[in-house]
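Asks: next input, structure requested:
(chains A, B, C, D, E and F, ligands or ions: 2)
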Amino acid sequence: MKRWLPSLPLSFALLATWLLLNQSIAPAHLLLGSVLAVAAPLLARPLQPHGHARIRRPLALFRLLWMSAIEIVRSCVNVSSIILFRKAEGVNSQFIRVPLDLRSPHGLALLSCLINSTPGTVWVELLSDGKELLLHVFDLHDEQWWIDTIKTRYEQPIREVFEPDTLQGENP
Amino acid sequence: MSFAASLPWWAALPAATFLVLGGLITLIGAIGLLRLKDFYQRIHGPAITITLGAGCILIASMIYFTTQQSRPVIHELLISAFVLMSAPVVAMLIMRSAVYRDLRAGRASAITGGSNSQVPGNDKQP
Amino acid sequence: MTAMPWLQHLIVLPVLIPLVVGAVLIPVNETRHQLKFGFNLASTALSLFVAIALLLMADNGHWPLDIGVYLAANWPAPFGIVLVVDRLAALMLLLTATIALAVLIFSMQRWSRIGVHFHSLFQFLLMGLNGAFLTNDLFNLFVFFEVMLAASYGLVLHGYNLRRIRTGMQYIAINLVASFLFLIGVALIYAASGTLNIADLTTRVAQLGAEDSYLLSVGACILALAFLTKGAMWPLGFWLPGTYAAASPPVAAMLVLMTKVGVYAVLRVWQAVFGDEAGVLSGFGLDALMIGGMATLMFGAIGMLASQDGGRMAGYGAIISSGTLLAVIGQSEEGALAAGLYYLVGSTLAMAAFMMLIELTERIRPPGAALLAVTMEAFAIEDKPEDPVGVGIPRSLAFLGLAFAGCALVISGMPPLSGFIAKFSLFHALLDARAGDGVASVAPMTWLLIALIVLTGLAAIISLMRLGVRTFWASGALAAPRLQFSEAAPIAALVVLCVVLSVQAGAVFAYLTRTADGLARSADYSERVLTEPSVRPAAGHGGAQ
Amino acid sequence: MELVIAISVGIVFGAGVWLILRPRTFQLITGLMLMSYAVNLFIFAMGRLWVNQPPITPVAGIDPTQFADPLPQALVLTAIVIGFATTALYLVIMIGARGLTGSDHVDGEEPRE
Amino acid sequence: MLLFSLIFVPFVGSLVAALLPADARNREAWLAGGVTVYGLVVAASLYPEIAAGEILRHDLPWLPAQGLDFVLRVDGLAWVFTMLVLAIGFLVVLYARYYMSPSDPVPRFFSFLLAFMGSMLGVVLSGNLVQLVVFWELTSLTSFLLIAYWHHRADARRGARMAFTVTATGGLCLMAGVLVLGHIVGSYDLDVVLAAGDRIRAHDLYLVALVLIALGALTKSAQFPFHFWLPHAMAAPTPVSSYLHSATMVKAGVFLLVRLWPALSGTPEWSWIIGGAGVCTLLIGAFAAIFQHDLKGLLAYSTISHLGLITVLIGIGTPLAMVAAIFHILNHATFKASLFMAAGIIDHETGTRDMRVLRGLRHKLPITATLAIVAGAAMAGVPLLNGFLSKEMFFSEALLVGSDRNWWMSAAAVAMGIFSVAYSLRFIAIFFGPPATDLPRVPHEPPRWMRFPVELLVLACLVVGVVPAISIGPILDVAVHATLGASTPQYDLAPWHGFNLPLLMSVIALVGGVLFYVVLRNRFDLHARTRTPLIYRFNGAQAYETVMLRLTSGAEWLLRWLGTSRLQPQLLIMIIAMLGVPLLLAGVPTQWTTIPRQGTDPLFALVWVIGCVCAVAGAWMAKYHRLAALSLIGGTGIITAITFLWLSAPDLALTQLMVETVTTVLILLGLRWLPPRIEAKELETPSGVWLHRSRDMAVAVAGGLAMAALTYAVLIHPASDTISDFFLLRALSEGGGSNVVNVLLVDFRSFDTLGEVTVLSIVALTVYALLRRFRPAPESTGVPAQQGHSLDPASHQTPAEQANSGYLMVAGIYLRLLLPFLGVIAVYFFMRGHNLPGGGFVAGLIFAVAILVQYMLAGAVWVENHLRVRPHRWLAFGLVLACTTGLGAWLFEYPFLTTHTAHVTLPLLGDLHLPSAFVFDLGVFAAVVGTTMLILVALAHQSVRAHRLPSEEAPQDSRRPS
Amino acid sequence: MSAATLLSFAIMFALVCTVLAMLLCGMRLVIGPTAQDRILALDTLWMTTMLLVLMLGIRFGNLVFFEAAMLIALIGFVSTVALAKFLMRGEVIE
Ligand code: NA
Ligand code: NA
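Replies: Ligands and ions are numbered 1, 2, ... in the order given. You can find the predicted model right below:
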């Protein structure tokens, strides 16, 4: 199974992409889409050293995404108001370092997506062999608050999704 | 605008709202890009465009075409997906390149923004 | 028309053979040089056969009005792209194939090995040249020009060194800009006339309103600039001598053909678009062409006199030949055109041979000696007679000398080879055609042209003699060059062809007169092209289109 | 629209011309790129301007006057592709020349004054 | 055929001679002698007909279109010249057999000599003037080769070039003259031309023709002011001098004048031009001859003088003068050839030709001395020798024509007589006096057969001089009759005509000459003079050299003014031409029909404000801020894409976007090899640069305005009836696709597309070939500074490490995830291309970009270790697939590239339409992928290569395993 | 005010906003001052262009625009990544 279908979610996503693109669920498209959904990951496999993400807790993922969506909208309003109404000099833009326990590359990727999608924060890079995240914050008022937020609101759920085993090992 | 004539209110109103919102956010993002002080601030401007601006307009498009074509038109989701996949990459790469550029040039103040914040750097540096 | 005669496919072969062979050779490893060369040779030889066959077909009534039409993709003119073989196209194909074969054999030992993908590029160059000669569609002409140019870029830089890359950069930049001009010209012509097909243009030109005529003529001017840049008309051809001198000899020999493509395109487009059918636009720009041609002639002659090395001289020789042809086209006189075509054939063969020869003569003496010889000539230093010449010139030197003399005679238009016959026939046509009842009818411009051509010939003689004397006779280390048979044979063959051209001048002229005659009848041409029906489905074959 | 396109073509072309007359290879290549935009737009404009009438014919038996002229579009497509190829080529030659000649002058050597 | 062989055989002989071995002196001589004897026999066999006044013709078709046949025409004049050429030729061959040294490469000599002989025969036997010109130039050519026979000597090369330049130029004039003549007469046939004398002389172009032909003749015959080449031609071996430069080639000029006498003569112009040149030559040549120190030089000037004499006679142009001219041609040939040969023997035997050294040779070379003295006497015009006869005829003609009014003519004749006696004495003097002791070699009598030709010729001088009427009479007669026809005068060939004025002149000349010589020798020390008095200032040779040098330097100067080898001016010219030529030729229209336009959308205008600002700013920054310029131009590209989209060209927009992206990456890949430009130096700009810049700015603005105007003019003008409707109407029904642009590309105009992908492939191959030999600039060979910087944690990682665990790890998750999506989307755009925007090209680029992203992410080495991309195969596969699809049509008996559609009905899937255009498009796709990958990968590999190099040199830098 | 008018006003407004946003991006692109500013501006320009294209699709009621928008969303980042990588590492493909 794994040999022919490296990742079922990916294949489904590809099939969905195909059907969405063609806006059709005609048999021909289903067939062709399926062929592509199988073939494309297979052909791309040599270039995927980290393999594909295995989502252990889909529900946790959806919860996380929903929360993030709200956070994004909120941050968006904040950033907009800063841009429109505050003097640039008054904005306290800072780099901060967030210690990370998350190790899964896919988890880190998701984290980066969430952080970067949230206006006001930009992921710069992982430091100290991935134990620390360098972030840039648009308007920093309280560094510790940021660190805590990221640890609890983002890192924790992501670890739940991608590395529940290690998480349980740490917090029994 | 011939197709729009047949649009019912219940679709037109949210579509219009999302459009206006999307347009505004996009503009604000661009304003941020233009008027903020330095690069590290400016990079936060377009972020709103990419996430919320794009989202609003995509939703508007979905609403509009679904009503107009009388069938679910949701392929805009693809765009959202692709944007969500590529935007973080772009942001982190531009940011990192800027950081190291400034570090190499010895413009640490540009990074710290003249404040007391930590300078990012290589911990392994001897 | 039910089924398509198989022979008809011959028309597309000059494009197709090189394309397929060039493509097939791409993945073949460079270490299998023999194989690549073999394919290339077979393809080029086949192209030669096809060209001969097409020439015969175009001349023996195989097609109505002796014009073969091939509807690529089976769409009728003016909508689809149409390949057309008439006598002129067949002649150019033959010339191309001949020179290509000679060049290829010449490059077997050395030049094809100094860089990668020589053989594919060579085949693609052939494809571009042949396509440019065959196509009847302006934009398709652009495409084939680009094919040709792209391949020539590759070949000009083949085995690149400092000199090649300097001139190559210039060559490419100029041609890129010229391509823009080409596009602008084609676009304007389309905007004005609504068509891209040259034959269709013939029928449309006369019906155009004043504004569209204006747009068409502006487009034609700009298009002509693109052609003339390739054809190296003064002042658009300064790139040529340097490029020729720097390119490797076989490539330079092929470049000679490429200048002719520029001239060919001007001739083709002008005869069809601004011919007798063109109404008010008939003969548009011909005077400018003639003046430009004459300026080019003059420039070429000056350049030739000023040149010290063979490659550069050959380049200016090519400019001279372009200038002559352009001026002849500008005269728009049938007899002169036939003579011009004869000149084109002879001078192209000789220039190609000359390009290859130059390289061989450079093996005669070490570079220092040549420089010394130049200095001594310049200051008229009398060197003491040295030890008498040894036991005669070694054979290779004799061969080179003979071939050099042959080329020089043709290029300078000295008797008895084809160059002289061409010039004489040209003068004859210019004078005779206007003779009528006396003197007054020979325009001063015609006299000027004749005088210029004569003087240019003189300049060519002087320069080539100087070069020859320096190369073969100047004292100094004189090494009997090592020649491969594969290097000598193609040169010999081309020179012999020039001789045959002179001996068989009568037959050749008969053909060329028919060619010029056909060119002048643009209405026939367009009728033939536009009425060629597409192949309709025969019973049993469903599903076409 | 017509005026906008015309002025734009003019400006982009002019900028391209200015650049190709400059002495540095990089300027030349950027000039070629700009000229190529302008020329492509120019060819495109030869089919006149059509808003929201792409030459996509959903059914047979359409009224051809209701669609943009497809031919210039096809020509531009080919021109874009060829322009891309030649830009690539010039680029490679440009860096090759820079390496070999030690100069990024378009003549491959600094002008002698 | 026999006639034809007369010309043909020497050329064949020449060819054979060239192929003989270098040391085959005897075989060469036998061959050449055989050829000559054959010719003599053939020519002699024609005598009966010729003597009967017949004109023999042999026509071979040659250039019917120009009304030109290859005609051999033998009349008396031609026959006499043929005999002369062959007879002297035979003697020269015999002489040369002994003259040429064993170390000389004889094949070349005899080959050239025979070729010359053939050419000369061609000149005299030509039945039409064009053919005559051909052989005329051939004699120039062969003589050039013969003069330069000892080409290791600078004087030989110089003499040959001079002779060739002068005579070939004359030949060109002659050709022009012949053309004019042909224009006047309407034919080049000699018979027709000779018969049209009156028409020619009455024509407006007569003078032009005359001058041009005279230039040809006078240069060939070394007439003033073109005589200077002849003395320099003496660098040739003596047999050549004796043959070409006394007996035959230089006679070609006068032969031509005699030949065309019926057509051209009889006008004052003729007399003035021909006669005038002749008189000057006569005097200058004779005078200069006296002051030579070189034996051959003396003979050369004497030849010039005698040719002048002949020219004067022709210029006089009366029938009797013509008789004298022809007669003197023959006489001069005999005595001068023998004198040259004698000079050659002396040179050969003593090792020198310097008359200041030579003396008393009669002791060692008694027979040669006797012969030379007799021949010299003939040259001086001593009675009872042939030279006397023709010279006396000249005197009498000079008297007759000159009469009282033009007494100077007679004076000149006498002066020439005096001079010729003087130089003959100078020549003869070498045999007298005490024997020289300081000669390079001790002279002996030459071999018997080497002297034989001289003996024969001297004998001829004597016989003709004593019994002219029976010896030369009949021969002269045929020539004269052939030339003069009905106007042949009565003339009397006899050594004695009684006491008359010409005799007196002869006596004056003889006596005066002796006195003059004695005076010169005793009072003016001839031997010490290094230059000819009075006329040394007129040095033709120097003038020639000056002209040649000036020609070159002038040409170089002009070339600098008229041309350039720099790129920028050339591009400037192109742009100016693009602006100017249409204005010049087509002008500006006065009125313009317009159509209602599309309303202007302010948004669109605003979009273009961005586009234009980007373009202008990009142009502004391209010099110092490359990255900025690149970004800005990318901005213009985006706007262009939007424009396409806005204005109903979605395919273009997609393509533009893709190309934009790939081009940006491409240029970035290249940018790495362009070292940064140093700004500081450039800051101070000289004022000249501003001038250039304003000029360029003006041109750029003009160019922009012109394009804008053209665009606007077209856009507001109604479109013509275009061929586009055809495509719109048939794309779906017959092309099987609703996206007309795509159907155009893969069906209607698939031939274009085939060429287009070929261009792509060619460029890819070229780039690949170039980069194989790529040598980066020294500054950019190293690893970029960014990568070695200690601050950057990535600086010590391989690209793979960066992507798999380094700073790119997180980004890599996305970029790698995108790969299958991009693949699917490429397929999508490919599949739908026929009906909606997309197609093989866009799909190919998307696919290529998908892989490219992987390269950017993880580096070339890693990607290629995990995925073999074989761009060459993609390329070949694409091209071959496209061609094969096209060729498939052949099987159905359709033209190349005809589209076929397979209609398949499958269960569950329904109707499927598979147009062959689809497969064609697949070929396009593959070729595009191959091209893009090949170019980008080849560029990318440079980094790998460049990094490997320094690491090989510095092993401590082990950061890259590669 | 009909639904259509409302929508057309909304589209007009959004279009104007987007084009203005593009203009601002263009200005940042021109004024820089640093290379990263320009890259950021270019990336934003791509994004706003995508939005513009989407809105034009709504305005013209034509789904063809969608394809272009999708392509921009997919591909637009590539040049940005390349530019950023160039800045960061001095070369795009190592
Ligand atoms: Na963010
Ligand atoms: Na087809």
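
Asks: quick check: which ranges of the stretch 1-150 of chain C have low pLDDT?
Replies: C:1-3 (pLDDT under 70).

Asks: so which residues of it form strands?
Replies: Applying DSSP state E, counting those that start in this stretch to the stretch 1-150 of chain C gives strands spanning C:68-72, C:81-85.

Asks: near E:Ile470, how many other residues are there?
Replies: Neighbour count of E:Ile470, defined by other C-beta atoms under 10 Å in any protein chain shown: 11. The C-beta positions use only the backbone N, C-alpha and C, and glycine is treated the same way.

Asks: on that earlier part again, in CSV, list the strands of the stretch 1-150 of chain C along with mean neighbour count and distance to E:Val861.
Replies: Compiled in CSV, the strands of the stretch 1-150 of chain C are given as follows (neighbours: other C-beta atoms under 10 Å in any protein chain shown; distance: least, C-beta to C-beta, whole Å):
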stretch, mean neighbour count, distance to E:Val861
strand C:68-72, 26, 44
strand C:81-85, 27, 44
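
Asks: turn those into a markdown table, columns for distance to E:Ile470.
Replies: A markdown table is the format used below for these (distance: least, C-beta to C-beta, whole Å):
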| stretch | distance to E:Ile470 |
| --- | --- |
| strand C:68-72 | 73 |
| strand C:81-85 | 71 |
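
Asks: out of those, nearest to chain A?
Replies: When these are compared by C-beta to the nearest C-beta, strand C:68-72 sits nearest chain A, at 31.7 Å.

Asks: any residue of the closest one touching chain E?
Replies: Yes - counting by C-beta under 8 Å from any C-beta of the partner chain, chain E has neighbours in strand C:68-72: C:Tyr70, C:Leu71, C:Ala72.

Asks: and that strand, how far from the chain's centre?
Replies: Per C-alpha atoms, centre = their mean, to the nearest Å, the displacement of strand C:68-72 from the mean C-alpha position of its chain is 23 Å.

Asks: same question, stretch C:193-206
Replies: Relative to its chain's centre, stretch C:193-206 lies at 26 Å (C-alpha atoms, centre = their mean).

Asks: now do the buried residues in that stretch.
Replies: Judged by neighbour count using 16 or more other C-beta atoms under 10 Å in any protein chain shown, the buried positions of stretch C:193-206 are C:193-205.

Asks: that one and chain E in contact?
Replies: Yes - counting by C-beta under 8 Å from any C-beta, chain E has neighbours in stretch C:193-206: C:Ser193, C:Gly194, C:Thr195, C:Leu196, C:Asn197, C:Asp200, C:Arg204.

Asks: any chance of these in a markdown table, with secondary structure and distance to E:Val80 too?
Replies: What follows is those, written out as a markdown table (DSSP: H, G, I helix; E, B strand; the rest coil; distance: C-beta to C-beta, whole Å):
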| residue | secondary structure | distance to E:Val80 |
| --- | --- | --- |
| C:Ser193 | helix | 68 |
| C:Gly194 | coil | 73 |
| C:Thr195 | coil | 69 |
| C:Leu196 | coil | 68 |
| C:Asn197 | strand | 66 |
| C:Asp200 | helix | 66 |
| C:Arg204 | helix | 67 |
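
Asks: go through those residues and say which is closest to chain B.
Replies: Nearest to chain B among the residues of stretch C:193-206 next to chain E, with distances taken as C-beta to the nearest C-beta, is C:Gly194, at 29.6 Å.

Asks: give the contact list for the residue most central in space within chain A.
Replies: Geometric centre of chain A, nearest residue: A:Leu110, 1.6 Å, by C-alpha atoms, centre = their mean. Each residue near A:Leu110 by C-beta atoms under 8 Å, 6 or more residues apart in numbering or on different chains is listed here: A:Ile158, A:Val161, A:Phe162.

Asks: of those residues, which belong to strands?
Replies: Among the contacts of A:Leu110, no residue falls in strands (DSSP state E).

Asks: so which of those is surrounded by the most neighbours?
Replies: Most surrounded of those: other C-beta under 10 Å gives A:Phe162, at 27 neighbours.

Asks: from chain D, which residue is nearest to ligand 2?
Replies: Evaluated by C-beta to the ion, chain D has D:Ala74 as its residue closest to ligand 2, separated by 13.3 Å.

Asks: quick check: closest non-adjacent residue to that residue.
Replies: Distances taken as C-beta to C-beta, 6 or more residues apart in numbering or on different chains place E:Leu744 nearest to D:Ala74, at 3.9 Å, with adjacent residues excluded.

Asks: isn't that neighbour right up against E:Phe726?
Replies: No - counting by C-beta atoms under 8 Å, E:Leu744 does not reach E:Phe726; the two are 10.5 Å apart.

Asks: shaky segments in chain F?
Replies: Using pLDDT under 70, chain F drops low at F:1.

Asks: got it, and the stretch 301-450 of chain C?
Replies: Looking at the stretch 301-450 of chain C by pLDDT under 70, you get C:365-394, C:433-441.

Asks: residues in contact with stretch C:105-116?
Replies: Taking C-beta under 8 Å, 6+ apart as the rule, stretch C:105-116 contacts C:30, C:33, C:37, C:40-41, C:104, C:118-119, C:122, C:158-160, C:248-251, C:253, C:356, C:484, C:486-487, C:489-491, E:765, E:768-769, E:772-773.

Asks: can you tell me the centre-most residue of chain D?
Replies: D:Ser36 (1.1 Å).

Asks: which SS class is that one?
Replies: Following DSSP: H, G, I helix; E, B strand; the rest coil, we place D:Ser36 in the helix state.

Asks: are we agreed that E:Leu307 is in a helix?
Replies: Yes - assessed by three-state DSSP, E:Leu307 belongs to a helix.

Asks: okay, now it: neighbour count?
Replies: E:Leu307 sits with 30 neighbouring residues when counted by other C-beta under 10 Å.
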